[in-house]
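> Quick check, what structure comes out for this input:
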Amino acid sequence: MVFGAPQAVRTQFASQIGTCWFAGAGPLKGDYTFTMPAAEAGGPFLISIFRLQPEREEVFQVQFYAHNDNTVVATRNLDLPEELAEDLETSVELWLLEPSQCRLSEDAVAGETPWDPRLQQADADEDELQLPPLEDEEVAQAEDEDVDMHQAELRARGAIE
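As a prediction, the model looks like this:
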């Protein structure tokens, strides 16, 4: 769980994805792109990653759900190669704790350039894949896992016992 509204959290994560995964020698640069489609009523805010070749295809989502004054963040691998998906999921988990961290190989971030999320902003196409939002129990489970993960991190840092 992240403090803040889903739209603001999504913009922060989009900046991270752009910087860590699409800038410089980022592992998704050139072969993939991403969009921030408009949220449907009652649905999550999304960052959708698309493979560009052989045809444009959605392969990964980061989903942002409102929960009270906070945001629950979930990932969904649709067809990204498993190794890349696992690395991207790890990055998303790290950004829950430290938003400025890029934990990629040195080659992946070499030549990193400033990135503006507005450059990748796109309106949702009517024919884009629309996945159903998570069920309440899935959101609750994600919250519990996030709380456990955050507590473990704080214990490791000596901030709590």
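> so where's the protein shaky on pLDDT?
100-101, 103-161 (pLDDT under 70).
> after the longest strand along the chain comes which helix or strand?
Ranked by residue count under DSSP state E, the longest strand found in the chain is strand 57-67. As assigned by DSSP states H and E, the chain's next helix or strand after strand 57-67 is strand 70-77.
> by contact count, what packs against that next one?
With contacts taken as 3 or more Cβ pairs under 8 Å, 6 or more residues apart in numbering; DSSP states H and E, strand 70-77 sits against strand 2-3, helix 6-17, strand 57-67, helix 82-97, helix 136-156. The C-beta positions use only the backbone N, C-alpha and C, and glycine is treated the same way.
> Pull the residues that contact stretch 51-62.
Contacting residues not belonging to stretch 51-62 are listed as 10, 13, 17, 31-33, 46-50, 73-80, 85, 88, 92, 128-129, 131 [Cβ atoms under 8 Å, 6 or more residues apart in numbering].
> in that stretch, what's buried?
Residues 51, 58-62 are the ones in stretch 51-62 that count as buried (16 or more other Cβ atoms under 10 Å).
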